[in-house]
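Trainee: Build me a structure from this.
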Amino acid sequence: MNKNRLLHLKDGKINDDRKYVLYWMQQSQRVHYNHALNHAIKMANLYQLPLVCLFVLDDTYPEANERSYAFMLEGLKEVKLLLEKLGINFIFKLGKPEEVIKTFLKDAQALIMDRGYLRHQRAWRKKIYQFIKDDESITIDMIDTDLIVPVHIASQKVEYGAYTLRPKLKKIFLEYRDFSKLEVLNNKSVLNIKSDHDLNDINALLNQINIDKSVKKSLYYHGGYSFASKLFSIFISDKSDDYPESSDPSKDVTSLMSMYLHFGQISSLELLERLFLALNQGQIKGDSFDQYIEQLLVRRELAFNFVFYQENYDRFESMTESWAYQTMKAHELDHKEYLYDIHDYESFKTHDIYFNAAMKQMVITGYMHNYMRMYWAKKIIEWSPSFEVAYKNTLYLNNKYFIDGRDPNSYTGVAWCFGKHDRAWTERTIFGKLRYMNDKGLERKFNIMSYVEKMNEL
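Mentor: Numbering: from 1, shown residues only. Sure thing, here's the model as predicted:
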């Protein structure tokens, strides 16, 4: 592991009363290519102790519902089974992470955390650190394992756009191809610590816990590393030749990795390694390889840079650039031919058949083609009484229905529609200098009716 992934927060003295090393799994919900898990195994071997992997499910997690919980739990079920085969104790608890973890710390010789990037994730880790910073026995390490280049290494400020971050990443990213294999745990003692729920029956668990059940789990996408790995293999073998055309909604040539990356069920580094292997073996063309790397490395890590360094990344008043706010203010009172609200969107009742088709894909499946996400958000801007209402409604729908909602890519993608990481365009009514998209563009570029027909069959 590249040493820059490790943030060593605190030293601890060996205490013979401590019973285990504790890995709090939160952002990185996987076994494969998990630097934090690997570091935890090394620490357990150093202290000759067993390893406890703790996952805490917060049933009040911001904007989460049955769809997102189900996808996450499907992945955790796989994690549990694999960790137990490796001799690692997996404990599943319900509650507030910062509170539940406190009950495990008195017996822990070391606490290992994966890194969280959103505001509330960082607050959890800060509260836990403050709680145990005076405990002389416990060592605390945090590992950045969900990015190829750790967020604090790639840049130390909010980047203006992909063109400013790209050269920084391209210069050093090969140094972070730094995972070879998972260490073997020496002390495989089974500890008498009970989980709150069994993960064997996900449906039963979903019925038992007190969560928002207004959005049902997706019948189209299943969570877990094995599904992610299989989908990526299919992408390499069957779709990658056509990836340069991935912006076409009528063609099914995307990898569908965003939802798995969101929950940390597969590592971006593993995808990178598999891309390099496919390139070396002639399974993927050079232009497809380059374009996928642009999305996986540059665009994704730009999104993480945004939420990490931009305070209030999810607030209308602070999510975009000054020129964008100026043009929005200048066009706030422009006449709108159509005005729609949340109910109209969710019931597919706008005059735009392409928008309605995209909404149907979102509501029913939990996914929407990336190009249609941009079109969808631009239409909400066009049909809203104000830019602020448009922003709030877009983010609300994004986080409610998408499996990969509430993600750095989500907050950044929505902000992009309001000028973030973009440039000023030709002035026009309603949008001002914000980028404009319309149905004529869809019809000119794509066989868009094919997309509509597919969505109407859902």
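Trainee: in this protein, which spans are strands?
Mentor: Using DSSP state E, the strands of the chain run over 6-10, 20-24, 51-57, 89-94, 108-114, 139-143.
Trainee: would you list these in JSON lines and tack on distance to Ile132, mean pLDDT and mean neighbour count?
Mentor: No exception for glycine: its C-beta is placed from N, CA and C like everyone else's. Shown next, in JSON lines, are these (distance: least, CB to CB, whole Å; pLDDT from 0 to 100; neighbours: other CB atoms under 10 Å):
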{"stretch": "strand 6-10", "distance to Ile132": "8", "mean pLDDT": "98", "mean neighbour count": "15"}
{"stretch": "strand 20-24", "distance to Ile132": "11", "mean pLDDT": "98", "mean neighbour count": "27"}
{"stretch": "strand 51-57", "distance to Ile132": "14", "mean pLDDT": "98", "mean neighbour count": "24"}
{"stretch": "strand 89-94", "distance to Ile132": "18", "mean pLDDT": "97", "mean neighbour count": "20"}
{"stretch": "strand 108-114", "distance to Ile132": "7", "mean pLDDT": "98", "mean neighbour count": "26"}
{"stretch": "strand 139-143", "distance to Ile132": "7", "mean pLDDT": "98", "mean neighbour count": "21"}
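Trainee: what's the closest of these to Lys216?
Mentor: Nearest to Lys216, of all those, is strand 51-57, at 18.3 Å by CB to CB.
Trainee: Quick check, Pro62 in contact with Gln121.
Mentor: No: counting by CB atoms under 8 Å, Pro62 does not reach Gln121; the two are 10.2 Å apart.
Trainee: So the two - more neighbours on which side?
Mentor: Gln121 (16 against 11; other CB atoms under 10 Å).
Trainee: How about the contacts made by that one?
Mentor: 26-27 (CB atoms under 8 Å, 6 or more residues apart in numbering).
Trainee: Count the residues that sit near Gln281.
Mentor: Neighbour number of Gln281 under other CB under 10 Å is 9.
Trainee: hang on, I meant Phe348
Mentor: When neighbours are counted by other CB under 10 Å, Phe348 registers 17.
Trainee: Check the gap between it and Trp376 for me.
Mentor: Distance, Phe348 to Trp376, using CB to CB, to the nearest Å: 12 Å.
Trainee: in the stretch 101-250 of the chain, which segments are predicted with low confidence?
Mentor: Within the stretch 101-250 of the chain, no range satisfies pLDDT under 70.
Trainee: Test of understanding: give the bridge partners of the closest residue to Ile91 other than its chain neighbours.
Mentor: The shortest distance from Ile91 to any non-neighbouring residue, by CB to CB, 6 or more residues apart in numbering, is to Leu54 (4.9 Å). Beta-bridge partners for Leu54, by DSSP bridges, are Trp24, Ile91.
Trainee: Leu54 reaches Tyr20, doesn't it?
Mentor: No: applying CB under 8 Å, one finds Leu54 not in contact with Tyr20, separated by 10.1 Å.
Trainee: Spit out the contact partners of Pro249.
Mentor: Counting by CB under 8 Å, 6+ apart, Pro249 touches 358, 369, 371-372, 442, 446, 448, 451.
Trainee: Kindly report the same for Lys157.
Mentor: Lys157 sits next to Tyr309 when contact means CB under 8 Å, 6+ apart.
Trainee: From Ala123, how far off is it?
Mentor: With CB to CB as the criterion, Lys157 and Ala123 are 21 Å apart.
Trainee: for Leu7, same thing?
Mentor: In this view, Leu7 and Ala123 are 16 Å apart by CB to CB.
Trainee: quick revisit: report the two of the contacts of Pro249 separated the most.
Mentor: Ala358 and Phe446 (12.6 Å).
Trainee: Give the residue from the two that has the larger number of neighbours.
Mentor: Each of Ala358 and Phe446 has its neighbours counted (other CB under 10 Å); Ala358 has more, 26 against 19.
Trainee: give the contact list for the residue nearest to the spatial centre of the chain.
Mentor: In the chain, the residue lying closest to the centroid (CA atoms, centre = their mean) is His262, at 2.3 Å. Residues near His262 by CB under 8 Å, 6+ apart: 403-404, 406-407, 409.
Trainee: how does the chain divide up, domain by domain?
Mentor: Domain assignment for the chain by automatic domain parsing gives 3-146, 147-180+220-309, 316-456.
Trainee: can you list the ones you listed in JSON lines and add distance to Asn210?
Mentor: Converted to JSON lines, the domains of the chain look like this (distance: least, CB to CB, whole Å):
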{"stretch": "domain 3-146", "distance to Asn210": "5"}
{"stretch": "domain 147-180+220-309", "distance to Asn210": "21"}
{"stretch": "domain 316-456", "distance to Asn210": "18"}
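Trainee: which one's the longest helix in this structure?
Mentor: The single longest helix within the chain, with elements called by DSSP state H, is helix 66-85.
Trainee: on that earlier part again, now, the contacts of Pro249 that are in helices?
Mentor: If you go by DSSP H, the contacts of Pro249 have 358, 371-372, 442, 448, 451 in helices.
Trainee: Considering the residues you listed, which possesses the most neighbours?
Mentor: Ala358 (26 neighbours).
Trainee: hang on, isn't it packed against Tyr371?
Mentor: No: applying CB under 8 Å, one finds Ala358 not in contact with Tyr371, separated by 9.4 Å.
Trainee: which ones are touching Ala377?
Mentor: The neighbours of Ala377, taking CB under 8 Å, 6+ apart as the test, are 394, 413-414, 417.
Trainee: again, but for Lys216
Mentor: 66-67.
Trainee: Under the pLDDT cut-off, which ranges of the stretch 351-458 of the chain? List them.
Mentor: Residue ranges of the stretch 351-458 of the chain with pLDDT under 70: none are present.
Trainee: neighbours of Met359, just the number please.
Mentor: By other CB under 10 Å, neighbour count at Met359 equals 25.
Trainee: right, and it touches Ile342 too?
Mentor: No: Met359 is beyond contact range of Ile342, at 10.9 Å (criterion: CB under 8 Å).
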